[in-house]
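Chemist: 3D model of this:
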Amino acid sequence: MNAPVDVSFFARAAKPLTSYRPYWAKRFGVAPFLPMSRAEMEQLGWDSCDIVLVTGDAYIDHPSFGMAVIGRVLEAQGFRVGIIAQPDWQSAEPFKALGKPNLFWGVTAGNMDSMINRYTADRKIRSDDAYTPGDVGGKRPDRAAIVYSQRCREAYKDVPIVLGGIEGSLRRIAHYDYWSDKVRRSIVVDAKCDLLLYGNAERALVEVAHRIATREPIEQITDVRGTAFVRRPHDPTAEGWIELDSSEVDQPGHVEDHINPYQTTSEQAQAQGQSCSKEDGSQPPLPPAGEGRGEGASAYKPITIHRPQGAGGVAKLPRERTVIRLPSYEQVKSDAVLYAHANRVLHLETNPGNARALVQAHGEGATARDVWINPPPIPLTTAEMDHVFDLPYARGPHPAYADEHGQHDGATKIPAWEMIRFSINIMRGCFGGCTFCSITEHEGRIIQSRSEDSIIKEVEDIRDKVDGFTGVISDLGGPTANMYRLGCKSPAIEAACRKPSCVYPGICQNLTTNHDPLIRIYRRARSLRGIKKILIGSGLRYDLAVKSPEYVKELVQHHVGGYLKIAPEHTEGGPLSKMMKPGIGSYDRFKTMFEKYSEEAGKKQFLIPYFIAAHPGTSDEDMMNLAIWLKKNGFRADQVQTFYPSPMATATAMYHTSLNPLKGVHRDDRAEKVDIVRGDKRRRLHKAFLRYHDPNNWPLLREALKTMGRADLIGNGKHHLIPTFQPMTDGSYQSARRKNSTAVGKASEKMAAVVKPGMKSAQPQRGAILTQHTGLPPRAGVGGKAMKPRGGR
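Modeler: The predicted model follows:
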């Protein structure tokens, strides 16, 4: 087996956020809101800003909004920080509103990826934007991070640009772009930023800000974790690094057994009949000269990472001075196998405890350059989390967005703020590893939790200081509701682990599942004076919750407002294995406990399960079985989630390549092919199965069921999925976003538009396409009356 991973650079304490000497401008004190105009700067006594932040969101000074957190963290370090929110990007002039930054620009597209914010999963333009006053769409450009960076460069070309936020995070290497249906370059190249900070970047940002403040050239800041940047060939700052080549795909034939990267070191030892005990004194033999040592399992035989000649085995290389060269942008753009491989290696190198730097070439000849990605940042400690969340946030939108009454509840209301106005973030990170989700890629899988006192203090602040508070806290949560203070039992194992999930295919034996700290917070918060109810709105990981019946009881009897939303995502093993989600049996166990404790409390409460349509690995039969399960259990989904391929997600790599990076990457028949749901018709079909009860979907479902040989599901009995009759439909559809819904009667209005005045009945206009969705004209001889169905559902 491999020698134990050197974890010294992870165990070594990172410099605390509060240990830096404050910048001289700290004497100006704390701003009530970070300034958005020169007039506000003058009121604060500022002649200039040290750092100007540019964001695609409206400025809301609240810890749930990334730019407010970054601004307040930098302010606490003594820097004068201004914000330009949702600037007009048609010219550089709006970017000069606060003058020239003394140190650097901080650029982000906002809390959401600008493309996901602007387009639906079917690539249709949304008409709203929850992060804009009045819920108005179109206030930010597509690919906002790139556009804003370009305008900042035009405004003041000699000011460094530091890019951050989720849009930059998820595009740090060459990535598949769903909207253009092609592989795009790293955003570091396209935005021409000087430095990209990925993930929750407080630690990296504070260090970078202080180093720039000491006049250190930004091009020399190449050693900060959680950063990415461009290096030209023969850059002297790259000297001393050991490069590993990861671009050669295994071929059939004899190869050495590889270590499974998804196993802990103890599991690897057990699989080979060995021990990883330090007292054992056993050392693994190095491979013969010239042979490779891999990072995959013998059953998988994925990409081989070769050992440099004369450097010893890969396991003996100093990880903090080792960089893995991924296939170049040109290679992954034209080769699906190499794209899947690059995605696989990227996800293997995400644990701050053992991740190595990555490098990917872009361009050739005179345009050749490397995008260099340093290992992820060291997670914040509880004390640092408290520091970040205890900063003096105003907890509301900037006064510039107020209406004529000075309020934010009318025409200028910002829906995203309204949603989190009375909610509290208690932790960061997620170790679920769901392949369709970007949380792990952005925040990491190590949970970073606030202290109980810090959380309770925020509850009291909302109670005492926030206008409109009625006594109900809408959420105590985070990316997941119930991962607070959960983590690996052993720091050494945590630092060495390379599993993509701690809960799939089952809960890791090294994971703590003790919910007692969370239960204490719930009970303490709900006992506070003036607090009527503490609701839990974050997604619940029910496979973890069932490990703590006391937690489920507390949650169900005191923190559910009638409905609890959870996300099984599917019922069938095929798609669940591609999602890395637990089987539906876990849902059934939680449902039993939910109903038991609801009955004990004398409450009538309901579970609302969420499901995904058209996820990679989902067959038409899988969706049919899900629809049957929904009907059997009495669920009618009003809001349908369709798989949305976000950059860098593992499921997106499946969508693009039709390969499964979770099982290894090959060029032969050993590679697992993944069924991909492409094309509007098939995506509509999968959504229609989720909304089997909607008459608008019945014609499509009837056709599909007959094609699948399941016409037995068409009928008017309770055991049938859809009826034989077709009522007149209005074409309405209720979307999760109100403005994207089709209102009742809209389709019939369209039909009415083609009816000529004076006609006795609706007759088709020549050239008009009529279907059961738009409403057919009455049959001849029935007097315009609708036909009665012969049976009911």
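
Chemist: Just the strands from the stretch 251-400 of the chain, written as ranges.
Modeler: In the stretch 251-400 of the chain, the strands defined using DSSP state E, counting those that start in this stretch lie at 293-294, 304-305, 322-325, 357-362, 369-373, 396-397.

Chemist: With the stretch 1-150 of the chain instead?
Modeler: Per DSSP E, counting those that start in this stretch, the stretch 1-150 of the chain carries strands over the ranges 51-55, 60-61, 81-85, 104-107.

Chemist: Switch these over to CSV; also include distance to Ile173 and mean pLDDT.
Modeler: All C-beta atoms are positioned from the backbone trio N, CA, C, and that covers glycine. Formatted as CSV, the strands of the stretch 1-150 of the chain follow (distance: least, C-beta to C-beta, whole Å; pLDDT from 0 to 100):
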stretch, distance to Ile173, mean pLDDT
strand 51-55, 24, 98
strand 60-61, 31, 97
strand 81-85, 28, 98
strand 104-107, 19, 98
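
Chemist: possible to save the ones you listed as CSV with distance to Ile187 and mean neighbour count?
Modeler: Listed next are those as CSV, based on distance: least, C-beta to C-beta, whole Å; neighbours: other C-beta atoms under 10 Å:
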stretch, distance to Ile187, mean neighbour count
strand 51-55, 15, 28
strand 60-61, 25, 26
strand 81-85, 20, 26
strand 104-107, 11, 27
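
Chemist: The lengthiest helix in the chain: what's the following helix or strand?
Modeler: The longest helix of the chain (DSSP state H) is helix 584-600. Per DSSP states H and E, the first helix or strand lying C-terminal to helix 584-600 is strand 606-613.

Chemist: what angle do that next one and helix 584-600 make?
Modeler: Counting by axes from the mean of the first three to the mean of the last three C-alpha atoms, to 10 degrees, strand 606-613 lies at 160 degrees to helix 584-600.

Chemist: Return strand 606-613 as CSV; C-alpha atoms alone will do.
Modeler: Taking C-alpha atoms only, strand 606-613 is exported to CSV below (Å, rounded to 0.1, in the frame of the first residue of the first chain):
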residue,chain,number,x,y,z
PHE,A,606,-46.6,16.5,5.7
LEU,A,607,-43.3,15.7,3.9
ILE,A,608,-42.8,17.3,0.5
PRO,A,609,-40.2,15.3,-1.5
TYR,A,610,-38.2,16.9,-4.3
PHE,A,611,-37.1,15.0,-7.4
ILE,A,612,-34.9,15.7,-10.4
ALA,A,613,-35.9,14.9,-13.9
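
Chemist: For whichever helix or strand comes after it, which outside residues touch it?
Modeler: Counting by DSSP H and E, the next helix or strand C-terminal to strand 606-613 is helix 620-632. Helix 620-632 has contacts (C-beta atoms under 8 Å, 6 or more residues apart in numbering) with 570-572, 574-575, 584, 611, 613, 636-637, 682, 685-686, 689-690, 692-693, 704-705, 708, 710, 713, 721.

Chemist: returning to what we had before: worst mean pLDDT among the strands of the stretch 251-400 of the chain?
Modeler: Mean pLDDT per stretch puts strand 293-294 lowest among the strands of the stretch 251-400 of the chain, at a mean of 35.

Chemist: Check the gap between the residue nearest the centre of the chain and Ala627 for me.
Modeler: Among the residues of the chain, the one closest to the centroid is Ser438, at 2.7 Å (C-alpha atoms, centre = their mean). According to C-beta to C-beta, to the nearest Å, Ser438 stands 28 Å off from Ala627.

Chemist: Arg215 too?
Modeler: 64 Å.

Chemist: go on, Asn117?
Modeler: Relative to Ala627, and taking C-beta to C-beta, Asn117 is found at 30 Å.

Chemist: the more surrounded of these two?
Modeler: Set Asn117 next to Ala627 and count neighbours by other C-beta atoms under 10 Å: Ala627 wins out with 27 against 23.

Chemist: Could you check how far that one is from Gln77?
Modeler: For Ala627, the distance to Gln77 - C-beta to C-beta - is 54 Å.

Chemist: repeat for Leu163
Modeler: 19 Å.

Chemist: Show the low-confidence segments of the chain, by residue range.
Modeler: 1-13, 247-316, 730-793 (pLDDT under 70).

Chemist: again, only this time at 90
Modeler: Applying pLDDT under 90 to the chain flags residues 1-14, 232-321, 364-367, 404-411, 438-441, 565, 608, 636-640, 663-672, 728-793.

Chemist: returning to what we had before: and Leu163 and Gln77? which has more neighbours close in?
Modeler: Legend: neighbour count by other C-beta under 10 Å for Leu163 and Gln77, higher for Leu163 (31 against 23).

Chemist: Now the phi/psi pair for that one, please.
Modeler: phi -100, psi 140 (degrees, to the nearest 10).

Chemist: which residues does it contact?
Modeler: Leu163 makes contact with 107-108, 145, 149, 187-188, 191, 193, 195-197, according to C-beta under 8 Å, 6+ apart.

Chemist: buried subset of those residues?
Modeler: Buried by 16 or more other C-beta atoms under 10 Å: 107-108, 145, 149, 187-188, 191, 193, 195-197, out of the contacts of Leu163.

Chemist: related to what we said a few turns ago, buried only: go through the contacts of helix 620-632 for me.
Modeler: Buried by 16+ other C-beta under 10 Å: 570-572, 574-575, 584, 611, 613, 637, 685-686, 689-690, 692-693, 704-705, 713, 721, out of those.

Chemist: Now go through these and say which are in strands.
Modeler: If you go by DSSP state E, the buried ones among the contacts of helix 620-632 have 611, 613 in strands.

Chemist: Check which residues of the longest helix of the chain are buried.
Modeler: Using 16+ other C-beta under 10 Å as the test for burial, helix 584-600 gives 584, 586-587, 589-591, 593-594, 597-598.

Chemist: how about TSV for the residues you listed, with distance to Asp669 added?
Modeler: Below are the buried residues of helix 584-600 laid out as TSV (distance: C-beta to C-beta, whole Å):
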residue	distance to Asp669
Ile584	31
Ser586	33
Tyr587	35
Arg589	38
Phe590	39
Lys591	41
Met593	44
Phe594	45
Tyr597	50
Ser598	51
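
Chemist: any idea which of those is closest to Lys333?
Modeler: Nearest to Lys333, judged by C-beta to C-beta, of those is Ile584 at 38.4 Å.

Chemist: these two touch, right, that closest one and Ala567?
Modeler: No. Here Ile584 does not reach Ala567: they are 11.9 Å apart, not a contact under C-beta atoms under 8 Å.

Chemist: thinking again about what came up before, which single one of the buried residues of helix 584-600 is nearest to Lys15?
Modeler: Set against Lys15, the nearest of those by C-beta to C-beta is Ser586 (41.0 Å).

Chemist: So Leu662, which state does it fall into?
Modeler: Counting by DSSP: H, G, I helix; E, B strand; the rest coil, the backbone at Leu662 sits in helix.

Chemist: can I assume it is in contact with Lys499?
Modeler: No. When contacts are counted by C-beta under 8 Å, Leu662 is not listed as touching Lys499 (11.2 Å).

Chemist: ok, the two, which is more surrounded?
Modeler: Leu662 (23 against 20).

Chemist: so who does the more buried one touch?
Modeler: Going by C-beta under 8 Å, 6+ apart, Leu662 touches 344, 435, 500, 578, 580, 650.

Chemist: for the residues you listed, which one is nearest Arg231?
Modeler: Compare each of the contacts of Leu662 with Arg231 using C-beta to C-beta and the shortest gap goes to Arg344, at 23.6 Å.

Chemist: Tell me how many other residues crowd the residue lying closest to the closest one once chain neighbours are set aside.
Modeler: Spatial nearest neighbour of Arg344, excluding adjacent residues (C-beta to C-beta, 6 or more residues apart in numbering): Pro661 at 4.1 Å. When neighbours are defined as other C-beta under 10 Å, Pro661 has 26 of them.

Chemist: what's the distance between Pro661 and Ala651?
Modeler: Distance of Pro661 to Ala651, computed by C-beta to C-beta: 10 Å.

Chemist: how close does the closest residue to Arg72 other than its chain neighbours get to Thr214?
Modeler: Leaving out its chain neighbours, the residue that sits closest to Arg72 by C-beta to C-beta, 6+ apart is Leu391, at 4.1 Å. Going from Leu391 to Thr214 by C-beta to C-beta gives 24 Å.
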